[in-house]
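**Student:** any chance you could fold what I've pasted below:
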Amino acid sequence: MNRPLFLIVFIVSALFFANPLLADEGTSGKVRSVLGEVTRQKKAQNQWLPLRVGAKVYESELIRTLVESQAIISLPDGSSLTIEENAIVVLEKVFSKKGSKETTLNIKSGLLHFDVQKQAGKTGSFKFKTGTATAAIRGTNGAIGIAKKGLFASLAEGALEVQDAQGNKILLKKGQTLVQDSAMGFIVIDNPLSGTSDFSKSLHIILNDPNSTKQITPELLDSLTTTFNSKIDSLLEKSKCQFNSVEDTLYSNEIKIQGRCIPGILLSIDGEQTAPTLDSIVEHTITWEQGLFGEKKYRIYCLDNQIQALCGEVQFVYADNSNVKKEAKNNFTIQNPGSIQVCESNSIQIEGTFEKASEDTELRIKMGKYISENLIPLHENDKFFHSITINDLNKNWNEKTIEVEMTNAKGLIKKETIALDINKTCKSVNVIAPKIKWLSSDSLRCHATLKITDANEDESLLSTYVNSNLTSESYYKGNQNKIQISLKPGIQDYRFKVQDLAKNESEIKKTLGCFPKRQAQIQIYGGKSEVWRVPPPPKGASNILNKELRFSIKNIPENDTRYIQQVLVKKNGRIILNLLKHQITDLNYNIPIEITRDSNNIFEIEVRLKSGNVNKATKTFEVR
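**Tutor:** Residues are numbered from 1 along each chain as shown. Model prediction:
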């Protein structure tokens, strides 16, 4: 015969006990995150009102989540409760400063995850109730909810003592999952993913599926584990998160979690979502109610659209220092990561805390030749910070480390080093544009000479364009005092562009000539000598006859007259034609000339190329 069961869950790991320094009386906690449609119903009211981030929740209030909804509630000591979708939870009792030492949550439906902190001092209790059973938790991290046949619980850490109405008990330990069955009683299965978010939610869905015939067996849990482990490993490999260690003992009710993860990864810390900066830096501050002393552990989860994975955690003791006599000593602690990437943000701030035992104690930051002033007199409350801008203008963009040193009259007390990873492809770091300067060109040797400046400790790409077409690219490191560029034959339009690692650039444009040595040819029409037989003129008539000297210039590259420096024609040593450079527009000439009877008529043609080559030809005319 089946017996009705009634189960309550007691958390006896020193949660929420009353203490003179706890939160305000009657306050349960603060809403850290809301996803989807989450509402609450206040005591003695029938209306469901939206639950907002930042709101406080109180005793006797109901919290309801709908499909694809979730609420995360942070408790005064740093514990948190995550109420998953399709759940209704009643906050029946809430610990308070002067009143109840007990917190009771009545789960009407659904699933919730808990992540609670251990506390020192007098033990309080934390109870979960369902409509069918009771239990007691001695642990910190897991999931609990209602399945169609009874209680469902899964523990990542700690222990859970389950008790039915007849007093039958079972102790659920770390790495175990429990399913209550009205006929079979308690079913307990070991699994390494017990208590984790995705594992617990998937198993809870199977247990509540009215059409499912699956039995909760080790094989089923192993199958889920294989699927999830593959996704977890992929996410951890993609995120590559590393978090800084923290002090073993803290006396302040806050801690700054710092580390590095690959940008694009989403993180969940203490119920709040955050993400790395573009420089891969993660910083998140957690606070809890002052006076709730004891061991604290905060887990850091990486998230994507498939899985949630534990990618880091910090653990420490929050201790009462009211009765501790503080011994003066010289020391400092850096809060920055051990390595800093410098890119889009070129200003880095070194910060931390310090203690000094004597007035001659000094704290300075060094980077290369730079040394800061003593930071101790500049800052109060034993905290320091110092900003440094890194770029090529400040000539510090090649530094590899930053050193923080504490000294006194006796010498060095302590030194810590922070590694720098300075990215010169970022414009905020690489500010100065390289300059390309013109030196000269040689049209006979066919090269131009340039120089690159303002590229010290940088890398540059020099690109050459001829008539708008890219013809060559060369890489250079640092400044270059002399760079020779080969020129193409003829007269071309050149553009020389230099670009550094951050794509800062400058350019110059020139029209340049290249005239390699070669021989032109002069073709004179009619041969080298012509003889005219003309009867003598009448007495007293002129002895001058009009004629044309016809010649062409051959073997000019591409028939381009710009290769020619000068065309010179002489008659008997007297210049009758002299064309220079831009006056030369043709390679074919018909020059009117005068021929004198009974005298020498010698015509000399000289063509001088810009390459320096000189070509000559002669023609003689006779009249008989």
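**Student:** when you work out contacts or count neighbours from here on, use the C-alpha atoms and nothing else.
**Tutor:** Fine.
**Student:** report pLDDT for the nearest residue to Cys241 once chain neighbours are set aside.
**Tutor:** In space, and not counting its chain neighbours, Cys241 is closest to Cys261: 4.2 Å by CA to CA, 6 or more residues apart in numbering. On pLDDT, Cys261 comes in at 92.
**Student:** hang on, isn't Cys261 packed against Glu237?
**Tutor:** No: contact criterion CA atoms under 8 Å: Cys261 and Glu237 do not qualify, at 10.5 Å.
**Student:** looking at these two, which is more packed in?
**Tutor:** Cys261 (25 against 11; other CA atoms under 10 Å).
**Student:** from Phe496, how far off is the more buried one?
**Tutor:** 42 Å (CA to CA, to the nearest Å).
**Student:** next one: Tyr525
**Tutor:** Tyr525 is 46 Å from Phe496, by CA to CA.
**Student:** same question, Ile602
**Tutor:** Counting by CA to CA, the gap from Ile602 to Phe496 is 50 Å.
**Student:** end-to-end on stretch 390-400?
**Tutor:** Using CA to CA, the two ends of stretch 390-400 sit 11 Å apart.
**Student:** now that stretch: average pLDDT?
**Tutor:** 94.
**Student:** starting at the chain centroid, how far to it?
**Tutor:** 20 Å (CA atoms, centre = their mean, to the nearest Å).
**Student:** which stretches of this protein form helices?
**Tutor:** Applying DSSP state H to the chain gives helices spanning 197-208, 218-239.
**Student:** out of these, flag the one nearest Thr449.
**Tutor:** Across the helices of the chain, the minimum distance to Thr449, taken as CA to CA, is reached by helix 218-239, at 49.3 Å.
**Student:** which helices and strands does the closest one pack with?
**Tutor:** helix 197-208, strand 294-303, strand 308-318 (3 or more CA pairs under 8 Å, 6 or more residues apart in numbering; DSSP states H and E).
**Student:** give me that answer again for 10 Å
**Tutor:** strand 185-190, helix 197-208, strand 294-303, strand 308-318 (3 or more CA pairs under 10 Å, 6 or more residues apart in numbering; DSSP states H and E).
**Student:** which residue sits farthest out from the middle of this structure?
**Tutor:** Most distant residue from the mean C-alpha position of the chain: Lys539, 104.0 Å away (CA atoms, centre = their mean).
**Student:** thought Asn191 was touching Ala156?
**Tutor:** Yes: in this structure Asn191 lies within contact range of Ala156 using CA atoms under 10 Å: 9.4 Å.
**Student:** in terms of neighbours, single out the busier of Tyr525 and Phe496.
**Tutor:** Ranked by neighbour count (other CA under 10 Å), Tyr525 and Phe496 place Phe496 first, with 22 against 13.
**Student:** beta partners for that one?
**Tutor:** Thr464, Ile508 (DSSP bridges).
**Student:** okay, now the unreliable bits of this structure?
**Tutor:** 1-28, 94-101, 119-126, 132-136, 138-139, 165, 324-327 (pLDDT under 70).
**Student:** for Val116, which non-adjacent residue is spatially closest?
**Tutor:** Using CA to CA, 6+ apart, the nearest residue to Val116 is Ser79, at 4.2 Å.
**Student:** do the same with Leu151
**Tutor:** Gln180 (5.1 Å).
**Student:** verify the contact between the one you found and Ile144 for me.
**Tutor:** No: between Gln180 and Ile144 there is no contact under CA under 10 Å: 11.6 Å.
**Student:** now for these two: what residues contact both?
**Tutor:** Any residue near both Gln180 and Ile144 by CA atoms under 10 Å, 6 or more residues apart in numbering counts here, and that gives Leu151, Phe152, Ala153.
**Student:** so which of these belong to strands?
**Tutor:** Leu151, Phe152, Ala153 (DSSP state E).
**Student:** tabulate the residues you listed (TSV), appending distance to Gly352.
**Tutor:** Listed next are those as TSV, based on distance: CA to CA, whole Å:
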residue	distance to Gly352
Leu151	48
Phe152	46
Ala153	42
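**Student:** separation between the residue lying closest to Asn543 once chain neighbours are set aside and Lys539?
**Tutor:** Ranked by CA to CA, 6+ apart and with sequence neighbours excluded, the top spatial neighbour of Asn543 is Arg597, at 5.3 Å. Distance from Arg597 to Lys539, counting by CA to CA: 14 Å.
**Student:** ditto for Ile522
**Tutor:** Taken as CA to CA, the span from Ile522 to Lys539 is 39 Å.
**Student:** burial measure for the residue lying closest to Val431 once chain neighbours are set aside, as a count.
**Tutor:** Once flanking residues are discounted, Val431 sits nearest to Asp392: 6.3 Å by CA to CA, 6+ apart. Look at Asp392: counted by other CA under 10 Å, it has 20 neighbours.
**Student:** just the one 10 residues further on next, same as before
**Tutor:** Applying other CA under 10 Å, we find 19 other residues in the vicinity of Ile402.
**Student:** what does Arg32 give?
**Tutor:** Count around Arg32 with other CA under 10 Å applied: 22.
**Student:** for it, which residues are in contact?
**Tutor:** Arg32 touches 52-56, 71-75, 80-82, 270-273, counting by CA under 10 Å, 6+ apart.
**Student:** do Pro516 as well
**Tutor:** Pro516 touches 443-446, 488-490, 563, 609-613, counting by CA under 10 Å, 6+ apart.
**Student:** in strands only, show me the residues you listed.
**Tutor:** Using DSSP E, the subset of those located in strands is Gly490, Leu609.
**Student:** buried among the contacts of Pro516? Make that a PyMOL selection.
**Tutor:** The PyMOL selection below is limited to those of the contacts of Pro516 classed as buried (16 or more other CA atoms under 10 Å):
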select buried, resi 443+446+488+489+490+563+609+610+611
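**Student:** most widely separated two among the contacts of Pro516?
**Tutor:** Lys488 and Asn613 (18.7 Å).
**Student:** can you report how many residues neighbour the nearest residue to Val466 once chain neighbours are set aside?
**Tutor:** In this structure, Val466 finds its nearest non-sequential neighbour in Tyr494, 4.8 Å apart by CA to CA, 6+ apart. Per other CA under 10 Å, the neighbour tally for Tyr494 reads 20.
**Student:** distance check, Tyr494 against Ile564.
**Tutor:** From Tyr494 to Ile564 the distance is 21 Å (CA to CA).
**Student:** same question, Ile390
**Tutor:** 56 Å.
**Student:** do Gln215 as well
**Tutor:** Taken as CA to CA, the span from Gln215 to Ile564 is 98 Å.
**Student:** more neighbours, the two?
**Tutor:** When Gln215 is set against Ile564 and neighbours are counted by other CA under 10 Å, the residue ahead is Ile564, at 26 against 10.
**Student:** apart from its neighbours in sequence, what residue is nearest that one?
**Tutor:** Per CA to CA, 6+ apart, closest to Ile564 is Leu609, 4.3 Å.
**Student:** ok, that neighbour - contacts?
**Tutor:** Leu609 neighbours (CA under 10 Å, 6+ apart): 515-520, 556, 561-567, 581, 615.
**Student:** make a ChimeraX selection of the buried ones in those.
**Tutor:** Buried residues within these, by 16+ other CA under 10 Å, are selected in ChimeraX with:
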select :515,516,519,520,556,561,562,563,564,565,566,567,615
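**Student:** tell me the two of the contacts of Leu609 that are most distant?
**Tutor:** Pro516 and Val567 (18.5 Å).
**Student:** picking that back up, make JSON lines from the helices of the chain and add distance to Thr425 to it.
**Tutor:** Shown next, in JSON lines, are the helices of the chain (distance: least, CA to CA, whole Å):
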{"stretch": "helix 197-208", "distance to Thr425": "40"}
{"stretch": "helix 218-239", "distance to Thr425": "23"}
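**Student:** pick the most buried one from the ones you listed.
**Tutor:** helix 197-208 (a mean of 18; mean count of other CA atoms under 10 Å).
**Student:** centre of the chain to it, how far?
**Tutor:** That offset, for helix 197-208, works out to 36 Å (CA atoms, centre = their mean).
**Student:** all good on my end, thank you.
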